[in-house]
Each structure stands twice: as C-alpha cells, then as structure tokens.
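kindly generate the corresponding structure for this input.
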Amino acid sequence: MLSLLAGTVCFTAETSLCCSHPTSLWHLCRPPLTRLTQPAIFAKETSCECRAPHEKLTVEQARLGTPVDRPVRVYADGIFDLFHSGHARALMQAKNLFPNTYLIVGVCSDELTHKYKGFTVMTEEERYEALRHCRYVDEVVRDAPWTLSQEFLEKHKIDFVAHDDIPYSSAGSEDVYKHIKDAGMFVPTQRTEGISTSDLITRIVRDYDVYARRNLQRGYTAKELNVSYINEKKYRLQNQVDRMKEKVRTVEEKSKHFVYRVEEKSHDLIQKWEEKSREFIGNFLELFGPDGTWKQMFQERSGRMIQAFSPRGSPCSSPPRELSPSRSPSPPSRWAVPRSSPPSSPKGASASISSMSEGDEDEK
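Below you'll find the predicted structure:
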C-alpha cells in the first residue's frame with residue numbers, strides 16, 4: 001500500500017511539475033515510472049542523462065521531499081539467490097525510505113558470486129529476472145560490482161545506498177560499505193528474521209533423500225540428480241514401499257468409512273424394525289385381543305350359522321308367518337281327497353277305494 005501511495009505521489013508530482021514548470025528538467029533526469037503491469041527495466045536500457053545539477057543530499061533533506069525536480073535515487077545490491085520474502089521486504093523498505101524514491105537494484109554475476117561467496121542455486125539470468133518482476137524495483141543493474149566505487153556511484157547518479165546495518169565482511173574487507181557509511185550515503189534497512197537463502201539451502205541438504213526420491217518419481221534420471229546406481233535402486237524401492245503404504249492407508253480409510261456407514265444403516269434398520277414390530281403387535285391385538293374385531297366377527301357369524309342350521313318347527317326357530325288377509329285360501333280341488341284320519345285297517349282302505357270308483361261311474 002505504501003508503494004502504491006508513493007507511486008501515486010510521484011506521478012502526481014511529475015504531472016504537476018511538467019504542466020506548471022515547462023522548463024523543468026524532471027523528464028531529463030528520471031525515466032518513466034515503472035508500472036505494476038510491466039517488469040523493471042535494465043540499466044543499459046535507460047537514457048538517464050540528467051542535466052539538472054545532481055547536488056549531494058542529506059538523509060534529512062531527502063525525507064523532507066527535496067529535491068523537488070527529481071526523485072531520490074536509492075541503490076541496493078545483493079546476490080538474491082532463491083529470491084524470497086526476506087529479499088522483497090528489504091527492497092520494500094528501500095523503496096519507502098523517502099517520499100519520492102527511484103530504486104535501483106544491483107545483482108552480482110555468477111563469476112563474482114562464486115569467487116567471493118560460493119556456488120548459487122539460480123543462475124545470474126534467473127536472478128536478474130526475479131528482481132525485474134519485484135513490484136518495488138524500478139531498475140536492475142546486471143553484473144553489479146562487489147565493492148561500490150566512486151565512478152559507479154557517479155555513473156548511475158546514486159544518492160543513497162540501502163542495506164542492513166550488519167558489517168558485511170568480504171573481499172578482504174571487514175565491511176565493504178564502510179566508505180559509503182563514512183560519506184553519509186548509507187541508509188540501513190532491517191533484516192527479516194527466520195528466513196534466508198542459507199536456511200533454504202540447509203533444508204534442501206537436510207532433506208536431500210526426500211527431494212531425490214520425489215524427483216525420481218517425477219521422471220528425472222539418476223544422472224540428472226547425480227545419484228549413484230545403488231542409491232537410485234534404494235530410492236525407487238522406498239518409493240514403492242511408500243506407494244504400498246499409501247494404498248494400505250487408503251484401504252483402511254475406505255474400510256473405516258464402510259464400517260461407519262454399515263453402523264449407521266444397522267441403527268436405522270433396528271429403529272425401523274422396532275417401529276414396525278410395535279405397529280404389528282398393535283394391529284394383532286386390535287384383531288385378536290379380548291375386545292378385538294375378530295371376536296365380534298366370530299360372534300356375528302356364529303349367530304348366523306345357528307339360524308341357518310335350525311329348522312322352522314324347532315323350538316329355536318321363529319314362529320310361522322301368518323297369511324296375509326288379502327290372500328284367501330284357494331278353493332279345494334274336486335280331485336282333492338278329504339282329509340280324514342288314516343284307515344285303521346286294510347278293510348277300511350278297500351272300502352274307500354270302492355266308493356271312489358262308484359262315484360266315477362255315476363259321473364259318466
């Protein structure tokens with residue numbers, strides 16, 4: 001946020017000066033502002049031929065915002081191997097030292113770094129590009145010198161040098177920034193504790209086997225990793241063991257999940273079975289209980305069966321229906337035999353038959 005505000009202030013100041021002071025030398029001593037959508041420029045690509053007098057500034061003057069006709073040019077240098085947040089925070093502090101700062105970052109080459117400090121992980125081109133894409137950097141100086149000379153400071157019109165205040169002993173000197181401090185051009189920044197390039201390399205060396213196995217698994221060859229034949233076989237065997245362990249762990253997780261689901265299902269089934277059993281028992285008691293529906297039905301049907309099987313003349317049956325008064329008994333037929341008591345003897349029967357035959361003959 002501070003860098004964005006600083007950039008806004010610089011842009012506003014540039015516009016106002018260019019508009020209100022046509023004879024201002026602002027555009028002659030400062031290249032265009034670096035935008036966040038573009039990488040920083042390289043030093044050889046600039047055309048900063050400043051015609052304004054590049055007077056010597058004090059830190060107090062620069063913090064007050066002077067000079068008004070140009071930005072304060074701050075220089076910060078380093079190796080910047082494995083560019084990390086500690087590097088970025090140091091550059092952020094350098095960018096925000098003054099209200100109007102133009103930050104120039106010098107990056108040492110591989111030759112100088114290997115000679116005075118040691119082997120790097122990233123190449124110099126990779127380190128240049130990493131710095132170009134940092135939001136706080138306005139310009140990158142490639143193949144920067146290990147010790148800053150007066151000619152280098154004048155060539156790039158540097159006002160101040162930003163670095164942490166810890167004495168940096170190198171190249172036979174107890175502090176390579178001693179002459180900068182004596183000249184009043186040094187501005188200290190704070191180091192970020194807990195992270196450094198040496199710490200990152202230490203992690204890689206400590207966990208070398210892990211990274212070697214990982215890269216072998218990703219397709220790198222043993223020759224590319226500088227791994228011996230025996231170590232390659234060992235790493236590949238360890239990778240197979242790890243894959244097997246991962247499969248076993250996956251199966252265990254799946255089995256746990258399956259058992260958990262079975263437990264949930266069994267609990268639901270038991271609960272549903274209890275509900276259904278209570279419902280079944282209730283229905284059974286409603287049908288077959290002491291006052292159930294089945295007993296009432298049985299009593300009704302037994303009564304109907306008794307009525308069906310009982311004869312009309314039986315004492316259990318209902319009295320005979322009386323004839324309706326509207327209906328009169330039909331007249332007796334002439335062939336009807338008068339009801340009489342049954343013959344008591346065969347002689348009586350024969351006499352009745354003979355009388356019947358005589359009656360027929362009289363009709364004829």
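
counting by contacts, list what the helix ranked longest in the chain packs against.
Counting by DSSP state H, the longest helix found in the chain is helix 229-288. In terms of contacts (3 or more Cβ pairs under 8 Å, 6 or more residues apart in numbering; DSSP states H and E), helix 229-288 is packed against helix 208-217, helix 222-225, helix 293-309. In this view, the C-beta of every residue, glycine as well, is placed from N, C-alpha and C.

first-to-last residue distance for stretch 281-298?
End-to-end span of stretch 281-298 (Cα to Cα, to the nearest Å): 21 Å.

for that stretch, what is the average pLDDT?
Averaging pLDDT along stretch 281-298 yields 73.

one more: stretch 71-87?
In this model, stretch 71-87 has an average pLDDT of 95.

buried ones in that stretch?
Under the neighbour-count criterion of 16 or more other Cβ atoms under 10 Å, stretch 71-87 has 71-84, 86-87 buried.

gap between that stretch and the chain center?
Here stretch 71-87 is found 36 Å from its chain centre; the criterion is Cα atoms, centre = their mean, to the nearest Å.

all strands in the stretch 1-150 of the chain, in order from the N-terminus.
41-42, 72-78, 101-107, 139-142 (DSSP state E, counting those that start in this stretch).

can you lay out these as JSON lines showing distance to residue 210?
As requested, those are arranged in JSON lines below (distance: least, Cβ to Cβ, whole Å):
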{"stretch": "strand 41-42", "distance to residue 210": "38"}
{"stretch": "strand 72-78", "distance to residue 210": "29"}
{"stretch": "strand 101-107", "distance to residue 210": "31"}
{"stretch": "strand 139-142", "distance to residue 210": "34"}
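
among these, which is nearest residue 192?
strand 72-78 (13.2 Å; Cβ to Cβ).

and that closest one, what does it pack against?
If contacts are counted by 3+ Cβ pairs under 8 Å, 6+ apart, strand 72-78 sits against helix 85-95, strand 101-107, strand 160-164.

closest one of the buried residues of stretch 71-87 to residue 301?
After measuring those against residue 301 - Cβ to Cβ - the closest member comes out as residue 84, at 97.1 Å.

roughly how far does residue 269 sit from residue 167?
Separation of residue 269 from residue 167 (Cβ to Cβ, to the nearest Å) stands at 78 Å.

what does residue 223 give?
Taking Cβ to Cβ as the measure, residue 223 falls 43 Å from residue 167.

next: residue 59.
Distance, residue 59 to residue 167, by Cβ to Cβ: 20 Å.

more neighbours: the two, which one.
residue 59 (16 against 12; other Cβ atoms under 10 Å).

my guess is that one meets residue 188, correct?
No: counting by Cβ atoms under 8 Å, residue 59 stays clear of residue 188, with 10.5 Å between them.

what is the neighbour count of the closest residue to residue 106 other than its chain neighbours?
Nearest non-adjacent residue to residue 106, counting by Cβ to Cβ, 6 or more residues apart in numbering: residue 144, 3.0 Å away. By other Cβ under 10 Å, 21 other residues sit near residue 144.

do the same with residue 192
By other Cβ under 10 Å, the residues close to residue 192 number 16.

was I right to think it contacts residue 89?
Yes: with contacts counted by Cβ under 8 Å, residue 192 reaches residue 89, the gap being 4.9 Å.

give me the residues contacting stretch 153-169.
With contacts defined as Cβ atoms under 8 Å, 6 or more residues apart in numbering, stretch 153-169 is touched by 29, 43, 48, 50, 54, 57, 59, 62, 72-78, 90, 93-94, 97, 104, 141, 148, 152, 174-178, 180, 185-191.
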